[in-house]
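**Student:** Next come a sequence and a model predicted from it.
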Number of protein chains: 2
Amino acid sequence: MDEPASLDDIPTPALVVERSVFESNLQTMSKARPGGALRPHVKAFKSTQMASQLDKAGHNSFCAATIAEIEGMAAAGLDHDLLLANEVLDARRLGALVKSGSRVTVAVDSRETLAAAVSGGVREVLIDVEVGLPRCGCAVEDAGPLADEARSAGLVVRGVMGYEGHLVMVADPVERGERVERSMQKLLSAHEAVGGEVISAGGTGTYAVNKWANEIQAGSFLLMDTHYASLEIPFEIALTVLSTVVSASPKGWAVGDAGLKAFGMDHGDPKWPQGEVMFCSDEHITVRPFEGEPLPSVGDRLRLQPAHVDPTVAKHRCFWVVDGSNIVDRWPIDLRHW
Amino acid sequence: MDEPASLDDIPTPALVVERSVFESNLQTMSKARPGGALRPHVKAFKSTQMASQLDKAGHNSFCAATIAEIEGMAAAGLDHDLLLANEVLDARRLGALVKSGSRVTVAVDSRETLAAAVSGGVREVLIDVEVGLPRCGCAVEDAGPLADEARSAGLVVRGVMGYEGHLVMVADPVERGERVERSMQKLLSAHEAVGGEVISAGGTGTYAVNKWANEIQAGSFLLMDTHYASLEIPFEIALTVLSTVVSASPKGWAVGDAGLKAFGMDHGDPKWPQGEVMFCSDEHITVRPFEGEPLPSVGDRLRLQPAHVDPTVAKHRCFWVVDGSNIVDRWPIDLRHW
């Protein structure tokens, strides 16, 4: 197939990024969190070419959730300061990157993960502190002793991280701010015991209210999704899934060729702005137009808004970057799997 | 990395298939639906090596939901009788397979999809009939005229298909049977007008109660999931996601390295037999053991049961086939994407 020039020629289902919205989201965040005050989280978009847009905008310290993401970023030369903001037990692949010259820091929250960093050949760590989300992170009182142990083992402890993920969707910004403050008090208290330059936290939902972290780990703001769009944050939806209508019923529904294998479904069905999404099947979405809206015909294209950006992106192989209906770029989603 | 020999050496997250359970599920189905009475649906497992196990068991007519699945099956030589049980508007890739000697049939439910089959070079079709599920399929009364049109255009009309997907999860088998009968009356009525040998319908939930279709399109029965396991059907769960515990909290939870990017989430959280799944994040699952069960330690492995097999499989690159803790095979998931 010739390389498509227009949105109409893209084989579906496909991920489409509206360039102007993407750029506007990036500018808005860059203004609020310039340079290293933002540590973009590549798990949200899994693309080194998208990461290079952030790099050009002055954000050259990245974080990731998987070893494969870190490896891909290093291979792309975006390895000025890579943080695996997650715990791992086999750090040999990270150690190999350090050996070849990449700067790689890993989060640790236990003796086991610290031992893994040491034996894997990683030289820099952050102490991951649990600040309210029941997930990774040590207790505040264990942070200092763990840092001491790390330093005794010859590692550089760069500081602390703690993710207030339980608060990113608190609807009221004032309440969100107050609760984030209480959560960050824990992180600051751990930081007092740990030391180091870095206090890393936050995400798209808390980037504006978290005044205590000196770097924010956010990624979803670039592309957005219907879940985050329900918050009062100044980012617009740049990502849609393009789908072709393959069937339309006189009973009033139409069927697009994008389903459970094209969308992250944990936050529910995607949205179709012209009507109701009845349900998704493996490779189908059944939609019904709102009263007064026309029923799509076979061959029409639907633009669907995912409910959760990260797991949606992980299902696709590339972003089609568009300006209106013109395709202006194609970015491989090259940081997938593990 | 050396090729792992034991379950303990597999990098996580990973899909694990218990060989004995897989084989037992296959035998049970083969007994009920021998040979061509089963048209295995490859969308459920997306692996030509798994398909070849079905082929060896005498099931050599397959169906699929995407062009890519059909292409992969043809490339693997499993192209004795391939049905794309779905509508497409660009059938050129299917026509190319026909030209090179594969037998490929495609479902049509409209003039547009019929025209696509003709212009794409596909020579055999099934008329897809809507039998109650609001998705693809023409009205019963339109099936005969569409078949006539297809024959006028020089195509072979092999018969009809209609998926009673709205009934596969009806809990009471008697009620399920009665409602499937009413649904299949529509398909038989369409078949009277259409003619041809094939009456294709059904799935894992209705294979036993659908007495009217002469071939059943089922795939999930091989691996199963917690959703289908809630039905009274004689198949056991053969598929788990293996995860490593990377963090454990004295507050009573443990965190595994498998999350939203490793599970199909549309049917809800996976199950952990030893306790409660609190929530999944992109790359994490937080679990809390049942009263009296031990808290997993960092480094322990969790075996998690997906809620929906098809979209779970589509996120992974291979199945690790095991006999107890020994790895006996590794089947690539080579039918992914579109």
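**Tutor:** Okay, I see it.

**Student:** Let me know whether the longest helix along chain A sits next to chain B.
**Tutor:** As assigned by DSSP state H, the longest helix anywhere in chain A is helix A:173-194. No. Interface with chain B: helix A:173-194 contributes nothing (Cβ under 8 Å from any Cβ of the partner chain), its closest point being 13.6 Å away. The C-beta positions use only the backbone N, C-alpha and C, and glycine is treated the same way.

**Student:** How much space separates the spatially most central residue of chain A from A:Val104?
**Tutor:** Closest to where the C-alpha atoms of chain A average out (Cα atoms, centre = their mean) is A:Ala44, at 2.0 Å. To A:Val104, A:Ala44 is 20 Å away according to Cβ to Cβ, to the nearest Å.

**Student:** if we can go back for a sec, who does the longest helix of chain A touch, helix- and strand-wise?
**Tutor:** helix A:140-152, strand A:156-162, strand A:198-201 (3 or more Cβ pairs under 8 Å, 6 or more residues apart in numbering or on different chains; DSSP states H and E).

**Student:** between those, which one is nearest to A:Glu124?
**Tutor:** strand A:156-162 (4.6 Å; Cβ to Cβ).

**Student:** so how far is that closest one off the chain centroid?
**Tutor:** 21 Å (Cα atoms, centre = their mean, to the nearest Å).

**Student:** what comes into contact with it?
**Tutor:** Where contact means Cβ atoms under 8 Å, 6 or more residues apart in numbering or on different chains, the residues beyond strand A:156-162 that reach it are A:83, A:85, A:105, A:107, A:123-131, A:137, A:143, A:147, A:150-151, A:183-184, A:186-187, A:190-191, A:194-201, A:217.

**Student:** that older thread, could the helices and strands packed on helix A:173-194 go into JSON lines alongside distance to A:Met50, mean neighbour count and mean pLDDT?
**Tutor:** Listed next are these as JSON lines, based on distance: least, Cβ to Cβ, whole Å; neighbours: other Cβ atoms under 10 Å in any protein chain shown; pLDDT from 0 to 100:
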{"stretch": "helix A:140-152", "distance to A:Met50": "33", "mean neighbour count": "18", "mean pLDDT": "98"}
{"stretch": "strand A:156-162", "distance to A:Met50": "23", "mean neighbour count": "24", "mean pLDDT": "98"}
{"stretch": "strand A:198-201", "distance to A:Met50": "21", "mean neighbour count": "25", "mean pLDDT": "98"}
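
**Student:** and A:Arg39, which of these is closest to it?
**Tutor:** Taking the helices and strands packed on helix A:173-194 one by one with Cβ to Cβ, strand A:198-201 is closest: 6.3 Å.

**Student:** and A:Val241, backbone torsions?
**Tutor:** phi -100, psi 120 (degrees, to the nearest 10).

**Student:** residues near the residue lying closest to it once chain neighbours are set aside, how many?
**Tutor:** Using Cβ to Cβ, 6 or more residues apart in numbering or on different chains and skipping the chain neighbours, the partner closest in space to A:Val241 is A:Leu304 (4.6 Å). By other Cβ atoms under 10 Å in any protein chain shown, 27 other residues sit near A:Leu304.

**Student:** which one is A:Glu232 nearest to, not counting chain neighbours?
**Tutor:** A:Pro173 (6.0 Å).

**Student:** picking that back up, the longest helix of chain A to strand A:156-162, inter-axis angle?
**Tutor:** On the basis of axes from the mean of the first three to the mean of the last three Cα atoms, to 10 degrees, helix A:173-194 is oriented at 150 degrees to strand A:156-162.

**Student:** Next, the buried residues of helix A:173-194.
**Tutor:** Neighbour-count burial for helix A:173-194 flags A:176-177, A:179-180, A:183-184, A:186-191, A:193-194 (criterion: 16 or more other Cβ atoms under 10 Å in any protein chain shown).

**Student:** Would you mind putting the CA coordinates of that helix into CSV?
**Tutor:** What follows is helix A:173-194, C-alpha atoms only, in CSV (Å, rounded to 0.1, in the frame of the first residue of the first chain):
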residue,chain,number,x,y,z
PRO,A,173,-9.6,21.3,42.8
VAL,A,174,-9.6,22.9,46.2
GLU,A,175,-10.2,19.6,47.9
ARG,A,176,-7.7,18.0,45.6
GLY,A,177,-5.1,20.5,46.6
GLU,A,178,-5.7,20.1,50.3
ARG,A,179,-5.5,16.3,50.1
VAL,A,180,-2.4,16.4,47.9
GLU,A,181,-0.8,18.7,50.5
ARG,A,182,-1.4,16.1,53.2
SER,A,183,-0.1,13.4,51.0
MET,A,184,3.0,15.4,50.1
GLN,A,185,3.7,16.1,53.7
LYS,A,186,4.5,12.4,54.0
LEU,A,187,6.8,12.6,51.0
LEU,A,188,8.6,15.7,52.4
SER,A,189,8.9,14.0,55.8
ALA,A,190,10.5,11.0,54.1
HIS,A,191,12.7,13.4,52.1
GLU,A,192,14.1,15.0,55.2
ALA,A,193,15.4,11.6,56.3
VAL,A,194,16.6,10.5,52.8
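
**Student:** Specify the angle between that helix and helix A:140-152 in degrees.
**Tutor:** Interaxial angle, helix A:173-194 versus helix A:140-152 (the same axes, to 10 degrees): 40 degrees.

**Student:** How far off centre is stretch A:327-337?
**Tutor:** Relative to its chain's centre, stretch A:327-337 lies at 14 Å (Cα atoms, centre = their mean).

**Student:** buried stuff in it?
**Tutor:** So for stretch A:327-337, counting by 16+ other Cβ under 10 Å, buried means A:327, A:331-336.

**Student:** Any chance of TSV for these, columns distance to A:Leu54, pLDDT and secondary structure?
**Tutor:** Shown next, in TSV, are the buried residues of stretch A:327-337 (distance: Cβ to Cβ, whole Å; pLDDT from 0 to 100; DSSP: H, G, I helix; E, B strand; the rest coil):
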residue	distance to A:Leu54	pLDDT	secondary structure
A:Ile327	21	97	strand
A:Trp331	12	98	strand
A:Pro332	16	98	strand
A:Ile333	15	98	coil
A:Asp334	15	98	coil
A:Leu335	13	98	coil
A:Arg336	18	98	coil
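
**Student:** any idea which of those is the one closest to chain B?
**Tutor:** Of all the buried residues of stretch A:327-337, chain B sits closest to A:Arg336, with 8.3 Å by Cβ to the nearest Cβ.
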